[in-house]
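# What follows is a predicted structure for the sequence shown.
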Amino acid sequence: MRPTDRARCAASLALTLLLAACATQAPDTVSAAPGAPGFWWGLWHGFIFPWAWIGSLFSSDIAVYAVPNRGGWYDFGFFLGVTVLGGGSFFGSRRKAE
């Protein structure tokens, strides 16, 4: 990798981190109530995301993301459910036949 490519990559990474540091959730979407979805519900909702998305195209009663939820832990569970349980990392890890 050339030095200019490294500098561009570092600048892009720094800009991405700077923008990500500004991200917040709206206060009315986060709830500390006992019944609010947390990590485990986020994991489940991430896992069923493809089917929930298809269902949401046909019914307004189906949503792919629970609002309000407990915030970061729900988001983390949702992310894990979509990427790990949903097959995101499985398809990228397959070796190609030589």
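The structure has been received and is ready for your questions.

# Let me see the contact set for the closest residue to residue 81 other than its chain neighbours.
Leaving aside its sequence neighbours, residue 81 sits nearest to residue 46 (CB to CB, 6 or more residues apart in numbering; 2.0 Å). Using the backbone N, CA and C atoms, a C-beta is placed for each residue, glycine as well. Residue 46 is in contact with 77, 78, 79, 80, 81, 82, 83, 85, 86, counting by CB atoms under 8 Å, 6 or more residues apart in numbering.

# State the next helix or strand along the chain beyond the strand or helix carrying residue 46.
Element membership for residue 46 (DSSP states H and E) is helix 39-47. Later in the chain than helix 39-47, the nearest helix or strand by DSSP H and E is helix 49-58.

# That following helix versus helix 39-47: what angle between them?
Relative orientation of helix 49-58 versus helix 39-47 (axes from the mean of the first three to the mean of the last three CA atoms, to 10 degrees): 70 degrees.

# Can you give the distance of helix 49-58 from its chain's centre?
Its chain's C-alpha centre and that of helix 49-58 lie 16 Å apart, by CA atoms, centre = their mean, to the nearest Å.

# how about the helices of this protein, start to end?
For the chain, the helices defined by DSSP state H occupy 3-21, 39-47, 49-58, 72-80, 88-92.

# I figured residue 85 hits residue 47, correct?
Yes - with contact defined as CB atoms under 8 Å, residue 85 counts as touching residue 47 (4.2 Å).

# Count the residues that sit near residue 43.
Other residues within reach of residue 43, judged by other CB atoms under 10 Å, total 20.

# wait, doesn't it sit right on residue 84?
No - taking CB under 8 Å as the definition, residue 43 is not a contact partner of residue 84, at 9.0 Å.

# what's the nearest residue to residue 69 if we skip its chain neighbours?
Nearest residue to residue 69, sequence neighbours excluded (CB to CB, 6+ apart): residue 37, at 4.5 Å.

# any idea how far residue 47 is from the one you found?
Plainly put, residue 37 is 13 Å away from residue 47 if you go by CB to CB, to the nearest Å.

# now do residue 7
For residue 7, the distance to residue 47 - CB to CB - is 40 Å.

# again, but for residue 70
Noted for residue 70: a distance of 18 Å to residue 47, by CB to CB.
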